[in-house]
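[1] just the structure for this:
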Amino acid sequence: MPQDKTQEEPASAGTRSQDERYAHQRVEAKWFERWQSDPQLYAADAADSTKKKFYVLEMLPYPSGVLHMGHVRNYSIGDALARYMWMNGYNVLHPMGWDSFGLPAENAAILNNTPPRQWTLGNIAKMKAQMNRLGFAYDWSREVTTCLPDYYRWNQWFFLKFYEKGLAYRKKSLVNWCPKCCTVLANEQVVNGRCWRHEDTLVEQRELEQWFLRITKYADELLRDLDKLGGWPEKVRTMQRNWIGRSEGTLVDFKLDYAENHGSFGPAGSTISVFTTRVDTIFGATSVQLAPQHPLIADLTTANADLRAQVDQLIAEQRKAKEVGDIGEIEKHGVFTGRYAINPFNHEKVPLWVANYILMDYGTGAIMSVPAHDERDYEFAKKYKLEIRLVVLPVSNDPEETMAEPPLPYVGHDGMLINSGPYSGLECAEAIKKMSAVAEEKGFGKATITYRLKDWGISRQRYWGTPIPMLYCEKDGIVPVPEKALPVILPEDVDITIAGGSPLGQVPEFVNATCPKCGGPARRETDTMDTFVDSSWYFYRYTDAHNDHAPFDSKAAQYWFPIDQYIGGVEHAILHLIYSRFWTKFMRDLGLIANDEPAERLFTQGMVIKDGAKMSKSLGNIVSPDEMVARYGADAARLYSLFAAPPDRDLDWQDSGIEGIQRFLGRVYRFVVRNAQLNHPDWNKPVPADLPPEARAIQRKLHQTIKRVSDDFQGRWHFNTCISAIMELVNTMYGGAYRPGVLDSGAFQVESEKPHVPAALLAEVQRDLVLLLAPFAPYLAHELWEMLGEKGNLLKTPWPKYDAALAKEDELEIPVQINGKLRSRITVPADATKDDVLDRALADEKVRSLIAGKQIVNKIYVPGKLVNIVVK
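    Below you'll find the predicted structure:
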């Protein structure tokens, strides 16, 4: 072959001449049209398939307008995995839907005078079009839209089931109120004292009558079953453990001293229930302290304006501490109420205080303060000169040390009681058992378990949500809507306002109803459900999305569940993820499903950062995928979102990075266009076993790349290193076996005076390169697959297999250290023994000169990694 052949016509793919420039718009438009014309392209096989199933799912989005690159990163991870599993022969379920009820739509309706349904469905259409253009492989036949009656009907059905089982109830309580949302928030939706949607808005406490789901019934199981979730990030499991917050201890009732002699004190009662994990220290209690929001405070401050003002100041301090984020670091302040409580164990009167470090949502909102044996109580007692009484001594093997008073506060559990009446001399553990039993026997307490987790308040005083299917009848009280009357349709013609309670309360046609029990007039519930209800079970609906007789078919769910891989943000660890686990356990108890947990594996992706902050519309720093697709192509946008950082780390968006990815894709395209030789007689023949060194190096690199990418899909999920490996393979092809003098031309040497690479190997490299790219850059991969003359569906083409023997290096480069510092490198056969490697290292010229005249103390060889020679 003449040396200047590559300067004439570019090599052709088959018999066609191809433009060497990668026109991503033309290529992607072509394949987009083909994919859109085949609605069954990504459809999962039926649930009776004999294939091994794989259910991969990204958390469904809220249709707030349009996608940004933060969304694209999340969906690109799941799409790459889905495509990889299809190519490995699995029956893949990869659906998508819309978490479409909620406040953003309602607020947008108020601002834009657009009905929430219209605004939401319009956004869904936009976002779906973006997802399709990005080439995400979703089975749209299973699409779920939570704001449509065919879905929220089943929210209402589940609510009735909760009510039947005694797990849905209504009560008046202090609730979290966001003044900006004008609605109640669940405890899980309050972050550092602020609304989870409005980081600048402090949450208030209000007393309202609300509907709750009894998630606490499952608290032990939710905690215990975290041990089953080995495929979940430990960070998420730890967050859930801490949020559930199980504590074993004793509930003890302290009576108010006034009530002891005069009867009931006020509406909040005359008894203060205290939960303690250390009832053995109760003889050391020198005060009882209440949270500023404790119900008893209202009674105590009714005729005491000064006390009310001081308590309000404590509440303000507590809020400020929550803003900072660590209530445990608050400077402890308190106020004496002027009242006393009676210790039921020794009948001692102890002062009743209100303290800013006592939280109403932990335990009972009241503590017995034992300053000698608790660091916080000690700090508080020293500040306000309260008595500090030692009641536990440490136990030691040395009797003299056992009786020595320890430095205060002494918080050890392995001790012996003193100054504790009949319990003195007992060890702590024994005292706890006996004292808990006495409390129960005498009726002023009992051993118990408490949780930080509280029941889930699901009532929302807004319009755009699932109507709660309950009626209020003057004769029959609270009456559930009959199942046959579901769904209770959310009316569309509603004057939405954030003042005056729920907007539904202003719609007589909705509010006025007939009681199904007595036939008389009834009033509908006007609160709607928390939107986390919608997302607690949506992934089950995907398995049978059009069922109008049940939420889903149990057999279909049994085939697909648990989800094999769930992908979403860690910010949902104690919101969506804990609610969905609760919902799964309830559905299991109803007999709908057999699984205990919704997802076997969970992956929490990092955020996309732009200009130093999380990419979001509210901050005005979003990067539109539409712009990226127009400028660089969908493949480049997807590939960059996976390449720029490991998927579990934050990605700092850089426009220059996506430009580099676009150039790489063009390089791959040119390589195939210039070097595909479909008419070569050896093109479809097996690769020869005896290859020249240059060809053998390329073959080795190919199999190493297949191994790296395959291993990463099944392990770390560091797709950035997968893509790097593919780039290295392409670099090898461009630089490792080109004719000298024409490297920049990109023409590969297939046949010449130096036939380094047989056509059969070149064909294998090109086909496998396309297959390796397919999960990450599907548009380009499909185009190149067709250019290579392949007729089969690339999506279902078997994933390439690597040969361990062919991937094995013939030689290794080993760093050589002297006293831990790198001094040289040696090349050794891959199968060299330890002695051979050490001999070569010692024979290396640089090493010999550096150790000359010194004593070798040790010779260390880490196989395949390094040599370290220790000298003195």
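
[2] what helix or strand is residue 826 located in?
    strand 821-829 (DSSP states H and E).

[3] which residues sit against that strand?
    Strand 821-829 is contacted from outside by 810-817, 836-837, 840-841, 844, 846-847, 850, 867, using CB atoms under 8 Å, 6 or more residues apart in numbering. Placement of C-beta: from N, CA and C, glycine included.

[4] show me what contacts residue 687?
    699, 758, 760, 761, 764.

[5] including neighbour count, could these go into CSV?
    Below are the contacts of residue 687 laid out as CSV (neighbours: other CB atoms under 10 Å):
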residue, neighbour count
699, 20
758, 21
760, 17
761, 23
764, 18
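
[6] just put these in TSV and tack on distance to residue 489, pLDDT and secondary structure.
    Output for those, formatted as TSV (distance: CB to CB, whole Å; pLDDT from 0 to 100; DSSP: H, G, I helix; E, B strand; the rest coil):
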residue	distance to residue 489	pLDDT	secondary structure
699	65	92	helix
758	70	87	coil
760	66	92	helix
761	65	93	helix
764	60	95	helix
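
[7] closest one of these to residue 31?
    Of all these, residue 31 sits closest to residue 764, with 24.1 Å by CB to CB.

[8] that closest one and residue 706, how far apart?
    To residue 706, residue 764 is 11 Å away according to CB to CB, to the nearest Å.

[9] for residue 380, same thing?
    65 Å.

[10] ranges for the helices of the stretch 351-500 of the chain?
    Listed in chain order, the helices of the stretch 351-500 of the chain (DSSP state H, counting those that start in this stretch) span 375-384, 399-402, 428-442.

[11] give the rounded mean pLDDT of the second one.
    The pLDDT scores in helix 399-402 average 54.

[12] residue 534 against residue 98, yeah?
    No: in this structure, residue 534 is not within contact of residue 98 by CB atoms under 8 Å, at 9.5 Å.

[13] pull up the overlap in contacts between the two.
    In contact with both residue 534 and residue 98: residue 146, using CB under 8 Å, 6+ apart.

[14] neighbours of residue 564, how many?
    21 (other CB atoms under 10 Å).

[15] surely it and residue 601 touch.
    Yes: with contacts counted by CB under 8 Å, residue 564 reaches residue 601, the gap being 6.5 Å.

[16] so where's the stretch 751-872 of the chain shaky on pLDDT?
    Low-confidence segments of the stretch 751-872 of the chain (pLDDT under 70): 751-756, 810.

[17] so for stretch 144-159, mean pLDDT?
    Rounded mean pLDDT across stretch 144-159 is 98.

[18] show me what contacts the one residue sitting closest to the centre of the chain?
    By CA atoms, centre = their mean, the chain has its centre lying nearest to residue 570, at 3.2 Å. Taking CB under 8 Å, 6+ apart, we find residue 570 in contact with 233, 235, 236, 239, 604.

[19] out of the helices of the stretch 351-500 of the chain, which gets nearest to residue 201?
    helix 375-384 (29.1 Å).

[20] show residues contacting the closest one.
    286-287, 289, 332, 334, 336, 353, 355, 357, 367, 369-372, 386-388, 408-409, 411.

[21] let's see that with 6 Å instead.
    With CB atoms under 6 Å, 6 or more residues apart in numbering as the test, helix 375-384 has contacts from 332, 369, 370, 371, 388, 409.

[22] repeat that for stretch 245-258.
    By CB under 6 Å, 6+ apart, stretch 245-258 touches 223, 265, 270-277, 279, 288, 340-342, 349, 436, 439, 444-452.

[23] repeat that for stretch 143-156.
    Taking CB under 6 Å, 6+ apart as the rule, stretch 143-156 contacts 97-101, 120, 466, 469, 486-487, 489, 533-534, 538, 541, 545, 551.
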